[in-house]
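# Here's my sequence, what's the structure:
(2 chains)
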Amino acid sequence: MSVSRRGFLQGRVLPFSGAFIAARGMEAYQADAAQGRGGRSLVPPGVKEIRISSNENPLGPGKAVLDAILGKFPEANRYPFNSTPSDSTLTAAIAAKFKVKPENIVLGGGSQEILKNAVRAFTSPTRGLVTGAPSFENCPGTAKKLGHPIAEIKVDSAFRLDLDGMIAASKGAGLVFFNNPNNPTATVHGAKAVADFVARIRQSSPDTVILIDEAYHDYVTEPSYQSAVPLALETPNVFVTRTFSKAYGMAGMRVGYAIGRVDTIKPLAKLQLPFNLSVFGVVAAIAALGDQKHIDAERDRNTKVRAFTLNALGEAGCKSADSQGNFLFVDVGRPAKDFHDACAKQGVVIGRDFPPFEKTHVRVSIGTMEEMEKATAVFRSVLRPISTSTGARIEEASWR
Amino acid sequence: MALTRRGFVQTVGIGAAGALTSSWIGARGRENAIWSAVEPTLLAVEHGVIVLASNENPVGPGTKVLDAVKAAFGEGGRAPGRYSNQSRDLIDAIAKKQGVKPENVVLGCGSTQILRSATHLFTAKDKPLVGTIPTYEECAGYAEMMGHPVRPVSLDADFKIDLEKMADASKGAGLVFFCNPNNPTATYVGARAAREYFARVNRESPDTTILVDEAYFDYVTDTDHDTHIPIAIENPRVIVARTFSKAYGMAGLRMGYAIGHKDTIKKMADWDGGSGTGSLNVLAMHAGTTAIQQDPSFTANERARNKAVRDFTMKWFADRGMKPTESQANFMFVDIGRPAKEFREACLKKGVRVARDFPPFEKTHCRLSFGTMEEMKKAVAVFDEVLGKKTNAA
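Down below sits the predicted model:
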């Protein structure tokens, strides 16, 4: 399959085509997985895999959540609305956390459902999507399926979302996807910059909806950063997405949500898949919200391991963008694929290609300290010689 | 926000073609979840209430499946923190069980996602959805939301799908939703007659896709019973939907799937397939993998258990002069001669929750799901009290 990922990003509309799948974006992976397709791992048999490819919390959700799931076994047979607590209890718990009303919240099967539905609700053939390059691909993936235009604005020299560029592109757009911190570059914009960004788009293009995805909110340590939730609640056409997949350690449970003004998020409520959350996801999320200590501990743990990994890579001559997430975007000075494949052969699986930086940069998620000690040793061994691309390509299943 | 459920429903209905369509939505069912963002749920289930409202298996998935969920926590309980690629094993297990290839299977977050994908892909502004009235509302609700027309087809005198009328309505349709057994009427069209109907639609309207919803497949005891999966894998215009929410007792886990021709399945997966990073959760996928590999005696036992309860409950109503339709499912549709709402509210006060309204029969008929035998014995005592009373119904 010769179609490159670059082709995917350049906005060619190839709905349902093999080329789309070959691009190996997250959406493509999802379609593959839904049909049980997908690539084989390069990790040799018998080698214990260190999976630092998908920005997951390596420790999982913690005991309070697991106990809540176990306690839900008697209601595995009940629809979420028939179980106690029900999905509306979760909505109320999230609303209480932010001191808003339940109608300010829309639940999603992961925040990905919200992102997908936002593109469906707010873009059209004449009102496109504005996003960063690189940024999380769910929104452009959906826009492409629908044949709606996409403007991808390259990040600035510090690998931050280019505010001026995105503002300029937003005029007349349907939706702006603003990932803060930005996946895969891990960079963040401070509260003032975000407020200014929103105000300027509101001024130049008041009908444009702005989606601020704060999936990695709980990992940020930069003091100038603040959540945009208060901004969203006071500003029409702005909403924030959050997920339980990252610091909360529940990527496998598929729970996320949107928060914003009722008029703004109503179209998302309308498109919501009925019964989208499992009873386990519901109780897990409720239990997780009640265990803030677990989240604080996870942030501290990540901060420590992130600093260690940054330092180790720095000593090996590799510069990273300023990370405010549970992952790093690192200049390894060679194609991501070469580095990825070489590491995978030693049991360390890192992130996929992220154009337009796939010739130089890789994304490395932060595992446990023990995992990162091993992983950085592998990185050092791979970085020593300049590797060349091996012969036959075996596709690797890494998807976020 | 003062938006009422009904108000919202009417808003959604704007632009839809069929005259009867807003009553489909009015029939409810989907909305507990859909509108949860806008309004609180209709009713919270209190402890001790016997729930006979949602066609669930009252016994649950069994210990083998729940043990698999526990095992899926993984080392140190870390596995739920990972995006899962368990979907491959699940698809393989489903394919093996149904005698098809993995390329014939796509997963969904409940069959709800399957129904939505099919409606999304196969209806359009000029390609209506066809379905009986009443039937399960997901497809019609979604079509209306998209502004695609809906062609409702009334049932026959026995509350069964009227195949003649359906065949006429199917001409030029984008998608036919063929729910068999039909929810909420519980009636079943035999395999032979259904096959003839599919062939006729293929002949008379070759571009029309038929979605056969076999959600209640495992509860059927009719002798002319067969799955339509063998047709679906050969014919790009026939899709079969299945769910783990009914006989497998896993409504809370949200898992279903479609089986069809590989080209049709690929279209559905590419548009919106449930998977490891989509809406399917890892615990459900492990549970499903275990559930479908169980000995067939699991579903056979559940079918037999349900049949005993069904016979008992249907006889109870028949003995009192109230006629149920011929149920082939884990629920019944019965003429109680008064508004369902009145009956429902009276029962709920006594700790039994029965189903919502199903227009156009909400003034006379009620849908009851079957609980355990113990629950049904308690429930009929409540029904006796409620139905014995003179009501102020018209």
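# the strands in the stretch 201-350 of chain A, which residues?
Remark: strands assigned in the stretch 201-350 of chain A by DSSP state E, counting those that start in this stretch are A:209-213, A:238-243, A:256-260, A:327-331, A:348-350.
# pretty sure B:Ala118 is touching B:Ile210, no?
No. Taking contacts as CB atoms under 8 Å, B:Ala118 lies outside contact range of B:Ile210: 9.7 Å. Where you see a C-beta, it was placed from the backbone N, CA and C, and this is true even at glycine.
# domain ranges for chain A?
For chain A, automatic domain parsing gives the domain ranges A:24-60+A:294-383, A:63-290.
# could these be laid out in CSV, adding mean neighbour count and mean pLDDT?
As requested, these are arranged in CSV below (neighbours: other CB atoms under 10 Å in any protein chain shown; pLDDT from 0 to 100):
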stretch, mean neighbour count, mean pLDDT
domain A:24-60+A:294-383, 20, 90
domain A:63-290, 22, 97
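# In a markdown table, list these along with distance to chain B.
Supplementary listing: these in a markdown table, determined by distance: least, CB to the nearest CB, whole Å:
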| stretch | distance to chain B |
| --- | --- |
| domain A:24-60+A:294-383 | 2 |
| domain A:63-290 | 3 |
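# A:Phe308 is nearest to which of the strands of the stretch 201-350 of chain A?
When these are ranked by distance to A:Phe308, counting by CB to CB, first place goes to strand A:327-331 at 11.1 Å.
# between the domains of chain A, which one is nearest to B:Lys315?
Of all these, it is domain A:63-290 that lies closest to B:Lys315, at 25.3 Å by CB to CB.
# So what's the gap between the closest one and the chain middle?
Distance, stretch centre to chain centre, for domain A:63-290: 10 Å (CA atoms, centre = their mean, to the nearest Å).
# That domain: end-to-end distance?
Length of domain A:63-290, first residue to last, CA to CA, to the nearest Å: 12 Å.
# tilt between the helix or strand encompassing A:Ala193 and strand A:209-213?
A:Ala193 belongs to helix A:191-204 when assigned by DSSP states H and E. The directions of helix A:191-204 and strand A:209-213 differ by 160 degrees, with axes from the mean of the first three to the mean of the last three CA atoms, to 10 degrees as the criterion.
# and the angle from helix A:191-204 to strand A:238-243?
Counting by the same axes, to 10 degrees, helix A:191-204 points 130 degrees away from the direction of strand A:238-243.
# what residues does helix A:191-204 touch?
Helix A:191-204 is touched from outside by A:163, A:166-167, A:170-171, A:176, A:178, A:180, A:189, A:208, A:210, A:212, A:224-226, A:228, A:231, A:235, A:237-238, with contacts defined as CB atoms under 8 Å, 6 or more residues apart in numbering or on different chains.
# Give the closest residue to B:Ile114 in space, chain neighbours not counted.
In space, and not counting its chain neighbours, B:Ile114 is closest to B:Gly108: 4.0 Å by CB to CB, 6 or more residues apart in numbering or on different chains.
# how deep is the one you found tucked in, by neighbour count?
For B:Gly108, the neighbour count with other CB atoms under 10 Å in any protein chain shown is 31.
# tally of neighbours for whichever residue of the stretch 51-200 of chain B sits closest to chain A?
For the stretch 51-200 of chain B, the nearest residue to chain A under the criterion CB to the nearest CB is B:Ile91, separated by 3.1 Å. The number of residues packed around B:Ile91, counting by other CB under 10 Å, is 27.
# swap in the one 5 residues further on?
Taking other CB under 10 Å as the criterion, the count of residues near B:Lys96 is 13.
# give me the element it is part of.
Using DSSP H and E, B:Lys96 maps to helix B:87-98.
# Look through chain A and tell me its longest helix.
The helix spanning the most residues in chain A, taking DSSP state H as the definition, is helix A:292-315.
# just the helices in the stretch 51-200 of chain A please.
When secondary structure is read from DSSP state H, counting those that start in this stretch, the stretch 51-200 of chain A shows helices at A:63-71, A:87-98, A:111-122, A:138-146, A:163-170, A:191-204.
# What residues of stretch B:66-81 count as buried?
Applying a neighbour-count criterion of 16 or more other CB atoms under 10 Å in any protein chain shown, one finds B:Leu66, B:Ala68, B:Val69, B:Ala72, B:Phe73, B:Gly77, B:Arg78, B:Ala79, B:Pro80, B:Gly81 buried in stretch B:66-81.
# List phi and psi for B:Thr132.
Recorded main-chain torsions at B:Thr132 are phi -80, psi 160, according to degrees, to the nearest 10.
# Look at it and report its pLDDT.
B:Thr132 is assigned 97 on the pLDDT scale.
# Equivalent analysis for the one 10 residues further on, please.
Per-residue pLDDT puts B:Tyr142 at 96.
# Check A:His5 and give its pLDDT.
You called it His, but residue A:5 is Arg. At A:Arg5, the pLDDT value in this model is 31.
# With B:Ser279 instead?
pLDDT for B:Ser279: 77.
# Tell me how many other residues crowd it.
B:Ser279 sits with 33 neighbouring residues when counted by other CB under 10 Å.
# List the residues that contact it.
Neighbour list for B:Ser279: A:Gly109, A:Gly110, A:Glu113, A:Arg254, A:Leu273, A:Asn276, B:Cys109, B:Gln113, B:Arg254 [criterion: CB under 8 Å, 6+ apart].
# Quick check: A:Lys374 vs A:Glu49, distance?
In this view, A:Lys374 and A:Glu49 are 11 Å apart by CB to CB, to the nearest Å.
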